[in-house]
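# take a look and give me a structure for this.
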Amino acid sequence: MKRAVASLAALLLSTAAVLPARAAAPGVCTGHFVNPITDICWSCLFPLSVGGLDVWPSGKADTPNPSFPVCACATPLPRIGIAIGFWEPVRLADVSMKPWCFVNLGGLKLDPGFDIGFKTMAGPSAVGGNQAQTGGWHIHWYMYPLIYWLELIGDFLCLEAGGIDILYLTEIDPLWQDSELTLIINPEAVIFANPLAVAACAADCVAASVKLPIDPLFWCAGCQGTMYPLNGNISAQYGHVQGSRLALDRFAYKLHREGVLWGSAGGEGLCGRYPMPIIQKSQYRFQAVNPIPSVSGPGTCPPIGATTAIGSGQMLPVVGEDMGYLVWRKRNCCVF
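Purely as a prediction, here's the structure:
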């Protein structure tokens with residue numbers, strides 16, 4: 001099954017260049033295939049560090065690196081090597097309120113034959129003067145080890161290996177649909193459902209927008225809102241960019257909580273990834289690739305929780321409200 005999906009994805013990618021552009025109508029799944037050369041922010045690979053020294057500096061904020069340049073590991077191969085740090089593109093994500101809308105596969109819309117996972121966006125409520133909108137999002141999670149399958153670097157123990165594959169569809173995940181069921185994996189949400197906990201997220205918003213998010217404030221998604229519940233039901237949405245970013249923030253946290261995603265940054269990650277049930281927000285960057293790729297300028301590859309006011313202009317009204325993101329992950333590794 002995985003080989004069939006991967007083959008289909010490869011076929012679709014190979015024909016993307018010859019397919020004519022089609023006009024989109026309201027309510028239609030929209031998107032384009034991600035060009036692995038021109039739609040990628042290659043400066044997001046950096047800074048590149050050896051120990052605590054930046055050998056290829058960058059204006060983008062970086063997580064702390066091990067200070068000592070020499071490292072030793074027993075797994076997966078016994079070795080003494082050099083501690084390096086870099087940012088790697090590892091996943092691709094469709095983020096849409098339309099079920100079965102594959103944004104990064106050219107706006108492909110599937111019809112599974114049954115009504116499941118329908119999401120929507122409601123207008124502002126007049127109750128209590130609430131001017132926010134509510135929305136519900138679905139996410140498709142692709143394996144996308146870009147550096148590996150482009151063969152930019154030869155066999156390298158530190159790189160994520162593999163090809164393009166679809167790993168996760170939230171339409172068939174009941175925990176993503178129902179906030180009460182979601183309590184199974186985030187029972188602590190009731191502790192942070194209070195004004196003081198929410199107010200603390202203002203500091204996370206400022207920190208993420210200036211440099212990096214505050215990892216101890218794990219219940220905060222900075223300027224986007226709060227991490228709980230760990231599903232796509234957004235109770236306060238101020239546009240598609242903010243709403244889709246918050247849904248993706250929550251999804252990444254959900255995968256950490258379920259043991260699907262592990263930690264890869266810092267000294268603990270030198271010898272391999274390690275379990276991380278509470279997400280370290282600072283080890284991720286999300287680059288917009290749909291509908292408008294963000295490849296340069298301010299606001300490119302922002303961390304979790306950074307303001308969406310910087311680097312605006314990433315949405316086309318009516319016909320470009322399905323979002324796609326490339327997920328960059330910090331990697332510290334012991335190279336021999």
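
# count of neighbours near the closest residue to residue 72 other than its chain neighbours?
Using CB to CB, 6 or more residues apart in numbering and skipping the chain neighbours, the partner closest in space to residue 72 is residue 80 (4.9 Å). (Each C-beta comes from the backbone N, C-alpha and C, glycine too.) For residue 80, the count of nearby residues is 10 (other CB atoms under 10 Å).

# by contact count, what packs against the helix or strand harbouring residue 80?
Per DSSP states H and E, residue 80 falls inside strand 79-96. Packing contacts for strand 79-96, counted by 3 or more CB pairs under 8 Å, 6 or more residues apart in numbering; DSSP states H and E, involve strand 48-50, strand 70-73, strand 138-143, helix 146-149, helix 240-257, strand 284-290, strand 323-335.

# list the contacts for the residue nearest to residue 72?
70-72, 336 (CB atoms under 8 Å, 6 or more residues apart in numbering).

# chain center to the following helix or strand past the strand holding residue 80: distance?
Next in sequence after strand 79-96, counting helices and strands by DSSP H and E, comes strand 101-102. Centre-to-centre, strand 101-102 and its host chain are 16 Å apart (CA atoms, centre = their mean, to the nearest Å).

# partner strands of strand 101-102 and their direction?
Strand 101-102 has the following sheet partners, assigned by DSSP bridges: strand 108-109 (antiparallel).

# what comes into contact with the partner strand?
With CB under 8 Å, 6+ apart, strand 108-109 has contacts from 12, 28-29, 31, 98, 100-102.

# so for it, mean pLDDT?
For strand 108-109, the mean per-residue pLDDT is 93.

# out of the contacts of strand 108-109, which are buried?
Buried members of these, counted by 16 or more other CB atoms under 10 Å: 12, 29, 31, 98, 100-102.

# low-confidence stretches in the chain?
By pLDDT under 70, the low-scoring segments of the chain are 1-27, 115-132, 154-156, 311-313, 315-320.

# check the buried ones among the contacts of strand 108-109 and tell me the two furthest apart.
Greatest spacing in the buried ones among the contacts of strand 108-109, by CB to CB: 12 and 98 (18.4 Å).

# contacting residues for the spatially most central residue of the chain?
In the chain, the centroid-proximal residue (CA atoms, centre = their mean) is residue 327; its distance is 4.4 Å. Counting by CB under 8 Å, 6+ apart, residue 327 touches 89-93, 144, 252, 284-287.

# tell me, how many residues neighbour the residue nearest to residue 277 when sequence neighbours are not counted?
Nearest residue to residue 277 in three dimensions, chain neighbours excluded: residue 257, at 5.5 Å (CB to CB, 6+ apart). By other CB under 10 Å, the residues close to residue 257 number 16.

# so what's residue 234 bridging to?
Assigned bridge partners for residue 234, using DSSP bridges, are residue 135.

# residues contacting it?
With CB under 8 Å, 6+ apart, residue 234 has these contacts: 134-137, 225, 243, 246-247.

# which ChimeraX command selects the buried ones in the residues you listed?
What follows is the ChimeraX syntax for the buried subset of those, where burial is set by 16+ other CB under 10 Å:
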select :134,135,136,137,225,243,246,247
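
# show me which pair in the contacts of residue 234 is furthest apart.
Spatial extent of these (CB to CB) is set by the pair 136 and 225 at 14.2 Å.

# next one: residue 209 from residue 164, what distance?
32 Å (CB to CB, to the nearest Å).

# same deal with residue 96?
Per CB to CB, residue 96 is found 19 Å from residue 164.

# mind listing the helices for the stretch 151-300 of the chain?
Here the stretch 151-300 of the chain has its helices, by DSSP state H, counting those that start in this stretch, at 174-177, 179-182, 195-199, 201-210, 240-257.

# and residue 206, how far from residue 253?
For residue 206, the distance to residue 253 - CB to CB - is 20 Å.

# looking at the two, which is more packed in?
When residue 206 and residue 253 are compared on other CB under 10 Å, the one with more neighbours turns out to be residue 253, at 24 against 17.
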